[in-house]
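# Build me a model from this:
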Amino acid sequence: QVQLVESGGGVVQAGGSLRLSCAASGRTFSSYAMGWFRQAPGKEREVVAAISWSGGDTNYADSVKGRFTISRDNAKKSVYLQMNSLKPEDTAVYYCAASREATIPPDEYDFWGQGTQVTVSS
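Numbering: from 1, shown residues only. Sure, this is the predicted structure:
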């Protein structure tokens, strides 16, 4: 079992930056691929970024490439999402998730956090 808790959300002006963190519990965090998702009001949840267990492989949605960076620190059992050049359309609840799959991006995720709100004002 892996429990995930996101933090770092907030309100920021367009063009600004935020760094989301996801802290995991459990002894096997380093064996999971991790992902960040988001869901805006009235829209389906979409994947934002994913990272392999080692951190050596990453994948991004086209809408965030060049602006967002996913990283992880297995010693701290944490995964991060650095978000730069934020746009109003990035406004959403952001979730982190853990997957047992080895491929990036994973097809399925096994554990989910509760989410953190990101609001980008124009």
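
# F29: how many residues sit nearby?
Taking other Cβ atoms under 10 Å as the criterion, the count of residues near F29 is 22. (C-beta placed from N, C-alpha, C; glycine too.)

# That one is in contact with L4, isn't it?
No: between F29 and L4 there is no contact under Cβ atoms under 8 Å: 9.4 Å.

# where do the contact lists of the two overlap?
Shared between the contact lists of F29 and L4 (criterion: Cβ atoms under 8 Å, 6 or more residues apart in numbering) are residues A98.

# So E89, which state does it fall into?
Local secondary structure at E89 is given as helix here, using DSSP: H, G, I helix; E, B strand; the rest coil.

# Now do the same contact list for it.
The neighbourhood of E89, defined by Cβ under 8 Å, 6+ apart, consists of A40, S63, V120.

# so what pLDDT did the residue nearest the centre of the chain get?
The centre of the chain sits closest to W36, judged by Cα atoms, centre = their mean, with a distance of 2.4 Å. We note a pLDDT of 98 for W36 in this prediction.

# which ones are touching it?
Contact criterion Cβ under 8 Å, 6+ apart gives 20, 22, 47-50, 70, 79, 81, 94-97 as the residues in contact with W36.

# Am I right that it is in a strand?
Yes: assignment of W36 by three-state DSSP places it within a strand.

# Please report how far it lies from S122.
Distance, W36 to S122, using Cβ to Cβ, to the nearest Å: 23 Å.

# Okay, and W53 sits in which element?
Taking DSSP states H and E as the criterion, W53 maps to no regular element, lying outside all helices and strands.

# hmm, back to that, among the contacts of W36, which lie within helices?
Among the contacts of W36, none falls in helices (DSSP state H).
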